[in-house]
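Chemist: Predicted model, plus sequence, below.
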Amino acid sequence: MVLSKRQRCGSAARTVALPLLRPKRGASPVQPTRSSPKALSATVAGPDGAPTCILLHGAGTTSWMWRGLVDRLEGAVRLVMVDLPGHGHNASRPWVSIDDTVLALTQIIDETTVDGTAHVVGLSLGGYLALEITAAHPERVQSSLVSGVNVLPFPRPRLMRATGHLVAPFVRSGVMLRANARSLAIPPEDYQGYVAAARSMAKGTFTAIGEELMNYRLPATSGSRPTRVLATAGANEHPLILESLAKIAAAFPNAQSRIAPAVGHAWNGQNPDLFAQTVLAHVTAQPLPMELAVAH
């Protein structure tokens, strides 16, 4: 997974991208080392010297979901796209836990940056991971943007858990994927890519992640972490996620929250321009887009 300095400059890098992610100019693969069989691989796009941003996708998809962000920010930000354990290029690495994944992500940061620090952007599952790495390793995270995260108790958790186990065998079926695509407002032109990404998820991953997130709460160390945090959600999100915005903003001393208009959970695809503008503004510590409403 280690890139040499020459490879980081692109002169010796192979132009192989992760599955389901179209190769980009200047993209370099991050390869696992023999000494670290559990290491995650990633794809890097964007100029050396630009701010480095680690992109963390949601459950049941891959780095494919960031293609619109790469198109819009590749020239301004150095983007490191990671397929999470049990997904896509890293499907053979089982999902163990949030803590295990956070440890692997710190290695990604070490091996794709000069100073061992990066900005982190995560949506859904990626958002939970972004919160955790910010709280556990604040010295590595320059800023964190999270979207689609719930930190409040679920109603009837036993029923939800039972439902999750019943649904799990069918999460990659055509009927379920079509229903999910409708609920996420996946554009028709993105449907085939969405299906391919979802079907790359390893068996058992959906259930393992669901069990862990069912009882998720904000990290106890949040209040002592100075990292800039932006909590976001689409206006059409689940009420618990919208209510969680204020909780997240209150937990971290240097945090704020925003709501994107007329979009839902997958707003990176529903309004890719606004999402990209929000990421760039947060990473560069500039004013956020005026279209975003302050969450209360």
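Modeler: Received it, and whenever you're ready, just let me know what you need.
Chemist: Ile209 and Val114: what is the separation?
Modeler: Plainly put, Ile209 is 32 Å away from Val114 if you go by C-beta to C-beta, to the nearest Å. Any C-beta I mention is one placed from the backbone N, CA and C, and that applies to glycine too.
Chemist: Count the residues that sit near Leu240.
Modeler: When neighbours are counted by other C-beta atoms under 10 Å, Leu240 registers 14.
Chemist: For the nearest residue in space to it that is not next to it in sequence, grab phi and psi.
Modeler: Distance criterion C-beta to C-beta, 6 or more residues apart in numbering; nearest residue to Leu240, sequence neighbours excluded, is Asn150 at 4.6 Å. Here is the backbone geometry of Asn150 (degrees, to the nearest 10): phi -110, psi 130.
Chemist: do the one 3 residues further on as well
Modeler: Backbone torsions of Pro153, given as degrees, to the nearest 10, read phi -60, psi 140.
Chemist: So Ile209 and Val114 - more neighbours on which side?
Modeler: Comparing Ile209 with Val114 by other C-beta under 10 Å, the one with more neighbours is Ile209, at 26 against 10.
Chemist: Show the pLDDT at that one.
Modeler: With respect to pLDDT, Ile209 scores 95.
Chemist: just the one 3 residues further on next, same as before
Modeler: Reported pLDDT at Glu212 in the predicted model: 93.
Chemist: name the element Ile259 belongs to?
Modeler: Using DSSP states H and E, Ile259 maps to strand 255-260.
Chemist: rewinding a little: what confidence value was assigned to the residue nearest to Leu240?
Modeler: Asn150 carries a pLDDT value of 97.
Chemist: Tell me which residues touch it, please.
Modeler: Counting by C-beta atoms under 8 Å, 6 or more residues apart in numbering, Asn150 touches 216, 238, 240-241, 244.
Chemist: What of Ile109?
Modeler: With contact set as C-beta under 8 Å, 6+ apart, Ile109 has these partners: 54, 116-118, 140.
Chemist: one step back: rounded to a whole number, what's the mean pLDDT of the strand holding Ile259?
Modeler: 98.
Chemist: Contacts for stretch 203-213, please.
Modeler: Stretch 203-213 is contacted from outside by 59-60, 85-87, 91, 94-95, 97-98, 125, 128, 161, 164-165, 168, 171, using C-beta under 8 Å, 6+ apart.
Chemist: should've said stretch 123-137
Modeler: 55-59, 65, 84, 98-99, 101-102, 105-106, 120-122, 140-141, 144-149, 209, 213, 216, 218-219, 221-222, 225, 227, 229, 248, 252, 265-266, 268.
Chemist: What's the end-to-end length of stretch 136-152?
Modeler: End-to-end distance for stretch 136-152, by C-alpha to C-alpha, to the nearest Å: 20 Å.
Chemist: meant to ask about stretch 61-77, not that
Modeler: From its first residue to its last, stretch 61-77 covers 23 Å (C-alpha to C-alpha).
Chemist: Okay, buried residues for it please.
Modeler: Residues of stretch 61-77 classed as buried: 61-70, 72-74, 76-77 (neighbour count, 16 or more other C-beta atoms under 10 Å).
Chemist: what are the ranges of the helices in the stretch 1-150 of the chain?
Modeler: For the stretch 1-150 of the chain, the helices defined by DSSP state H, counting those that start in this stretch occupy 5-8, 67-73, 98-112, 125-136.
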